[in-house]
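>>> I would like to see how this sequence folds:
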Amino acid sequence: MTHRVLLINGSPRPNGCTARALREIADTLHAEGIETDLVEIGKEAVRGCASCGFCHKNGRCVFDDAVNRTAPLFERADGLIVGSPVYYGSPNGTLLSFLDRLFYSTRFPKHMKVGAAVVSCRRGGNTASFDVLNKYFTISAMPVVSSTYWNQVHGFTAADVEKDLEGLQTMRNLAKNAAFLIRAIAAEAEKTGLPALERGDFTSFPDGK
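Alright, predicted model coming up:
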């Protein structure tokens, strides 16, 4: 069985620090027999969700851009790894708009697709950005892949990241853990199926109490 991981680079620099981290992950995944797709959205003109409801009726976002182009890759993937630079202690705004719409507009189940976030920074803001990105996975019943440190690299250029040996090591360990978890989930799903999810209750307190 062939397994695939979708890598999303939220940086506008296709050869920058975030790209270097994702390349370390991709190389390790390939060595583990996992295929990858890479989507670069950092320079895309991606707007935020308009809360129009079009996707619920039509199965795709009303704005026909990188979100709709990426959705089929996400659907067929066994895992999603999202990379972002740190801007003002948070992920790239373009990436956040992209992920909001990608997760909200797609109707296919994300249950048990593995997820991981990777961030790059010069000095600080990394763990805050890491936390923001992980929430997309935890609200979607996607197991979050861990590593041997926070999934981050440090540097101002890709050449700087080459010197962050622990950061690159963390990327490799992340990829190995992702590959293992993907295979383990697939093996168990083949034997017993995926865990059943309850979806009936929705707390909104419409009576105002």
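
>>> could you check the distance from Ile182 over to Asn58?
For Ile182, the distance to Asn58 equals 31 Å [C-beta to C-beta, to the nearest Å]. Glycine gets a C-beta too; all of them are placed from N, C-alpha and C.

>>> Equivalent analysis for Asn134, please.
29 Å.

>>> more neighbours, the two?
Neighbour tally, Asn134 and Asn58, criterion other C-beta atoms under 10 Å: the higher count belongs to Asn134, 17 against 11.

>>> what residues does the helix or strand that contains the more buried one touch?
In the assignment (DSSP states H and E), Asn134 maps to helix 126-138. By C-beta atoms under 8 Å, 6 or more residues apart in numbering, the residues outside helix 126-138 that reach it are 80, 82, 84, 86, 89-91, 96, 99, 103, 115-117, 119-121, 142-144, 150-152, 154.

>>> What is the next helix-or-strand element following that helix packed up against?
Per DSSP H and E, helix 126-138 leads on to strand 152-154 as the next helix or strand towards the C-terminus. Strand 152-154 is packed against helix 17-31, strand 114-121, helix 126-138, helix 158-163, helix 165-192, with contacts defined by 3 or more C-beta pairs under 8 Å, 6 or more residues apart in numbering; DSSP states H and E.

>>> Just name the most buried of those.
Of those, the one with the most neighbours on average (mean count of other C-beta atoms under 10 Å) is strand 114-121, at a mean of 26.

>>> now that strand: how far from the chain's centre is it?
Chain-centre distance of strand 114-121: 7 Å, with C-alpha atoms, centre = their mean, to the nearest Å.

>>> The contacts of helix 126-138, buried ones only, as a ChimeraX selection?
The ChimeraX selection below is limited to those of those classed as buried (16 or more other C-beta atoms under 10 Å):
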select :80,82,84,86,90,91,96,99,103,115,116,117,119,120,121,142,143,144,150,151,152,154
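
>>> what about the helix holding Asn134, distance to the chain center?
10 Å.

>>> angle of it against strand 114-121?
160 degrees (axes from the mean of the first three to the mean of the last three C-alpha atoms, to 10 degrees).

>>> So for helix 126-138, mean pLDDT?
Regarding helix 126-138, the rounded mean pLDDT is 96.

>>> Kindly report the same for stretch 83-100.
Here the average pLDDT along stretch 83-100 is 97.

>>> What of stretch 53-71?
96.

>>> Would you mind listing the buried residues in it?
Cys55, Cys61, Val62, Phe63, Ala66, Val67, Asn68, Thr70, Ala71.

>>> just curious, which of those is nearest to Ala189?
Ala71 (22.0 Å; C-beta to C-beta).

>>> so that closest one sits in a helix?
Yes - under DSSP: H, G, I helix; E, B strand; the rest coil, Ala71 falls within a helix.

>>> residues touching it, list them.
Arg60, Leu102, Ser105, Thr106.

>>> so how far is Asp64 from it?
Relative to Asp64, and taking C-beta to C-beta, Ala71 is found at 11 Å.

>>> and if you look at His3?
29 Å.

>>> try Gly125
Gly125 is 33 Å from Asp64, by C-beta to C-beta.
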